[in-house]
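Peer 1: Sequence plus the predicted model coming up.
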Amino acid sequence: MGASAGPEIERLIALLAKLPGLGPRSARRATLMLLKKREQLLGPLSAALADAAARVSVCQVCGALDTRDPCAICADPGRDRSLLCIVEDVGALWAMERAGAFRGRYHVLGGLLSALDGVGPEALRIDALVGRASHESVREAILALPATVDGQTTAHYLADRLAGAGVAVTMLARGVPVGGELDWLDDGTIVQAMRARRPA
Ligand SMILES: [Zn+2]
């Protein structure tokens, strides 16, 4: 694909093409739209990106992304501190929050154990999780992990580790399809899965 616009515009297209769901063709269309709608899109988007880059960081408690640390969820006194929901990534946390099925707090692992990809326990935020389960007033740890091989391997490993911390370990139940990522489930399915959780 030869460069047809100027280098600044080609750079914008190349960056947008790295986003999930956008290939080079979609990135070109998006770029054209941005440049046509400078006032409504390009300016506000540029400001929002700069703001996010300057202010968003990882919550040192749970691993979520927010403009403050601890994040809004960890800092919320209305959240049930006895419930800890363990998710693979921030996308899954956002899906749980969209569904409104959970009023406790979260722990983001930052991935899943994977023998194939060489991801061991030390690559994930597992020691921090066990520490939280032991030292905070956590009564139940809910494993909200995908129904994939890696998700289930991780769930079993965590159930073992958390058993020693003296908390009840449960996992999401029916409604989560095999191979399903939480991010892709509709809200009703997530609510059902949370209500029908079972001992891990
Ligand atoms: Zn947090």
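Peer 2: Cool, the structure landed. Just so it is clear, the structure is predicted and the values come from calculations on it, not from any experiment. Residues are numbered from 1 along each chain as shown.
Peer 1: Grab the nearest non-local neighbour of the most centrally placed residue in the chain.
Peer 2: Centroid-nearest residue in the chain, with C-alpha atoms, centre = their mean: residue 90, separated by 1.6 Å. Excluding its sequence neighbours, the residue lying closest to residue 90 (C-beta to C-beta, 6 or more residues apart in numbering) is residue 65, at 5.3 Å. To be clear about C-beta, it is placed using only N, CA and C from the backbone, and glycine gets the same treatment.
Peer 1: cool, and residue 17?
Peer 2: Closest residue in space to residue 17, ignoring its immediate chain neighbours: residue 27 at 3.8 Å, by C-beta to C-beta, 6+ apart.
Peer 1: Please give me every residue in contact with the one you found.
Peer 2: Residues in contact with residue 27 (C-beta atoms under 8 Å, 6 or more residues apart in numbering) are 13, 14, 16, 17, 19.
Peer 1: change it to 10 Å
Peer 2: Contact partners of residue 27, counting by C-beta atoms under 10 Å, 6 or more residues apart in numbering, are 12, 13, 14, 15, 16, 17, 18, 19.
Peer 1: Need phi/psi at it.
Peer 2: phi -60, psi -40 (degrees, to the nearest 10).
Peer 1: Show me the longest helix that occurs in the protein.
Peer 2: helix 149-163 (DSSP state H).
Peer 1: Tell me the first helix or strand C-terminal of it.
Peer 2: The helix or strand immediately downstream of helix 149-163 is strand 168-171, counting by DSSP states H and E.
Peer 1: ok, that next one: who's next to it in the sheet?
Peer 2: Strand pairing for strand 168-171, determined by DSSP bridges: strand 140-143 (parallel), strand 198-199 (antiparallel).
Peer 1: ok, back up a step: quick check: phi and psi at the residue nearest to residue 90.
Peer 2: According to degrees, to the nearest 10, residue 65 has phi -110, psi 130.
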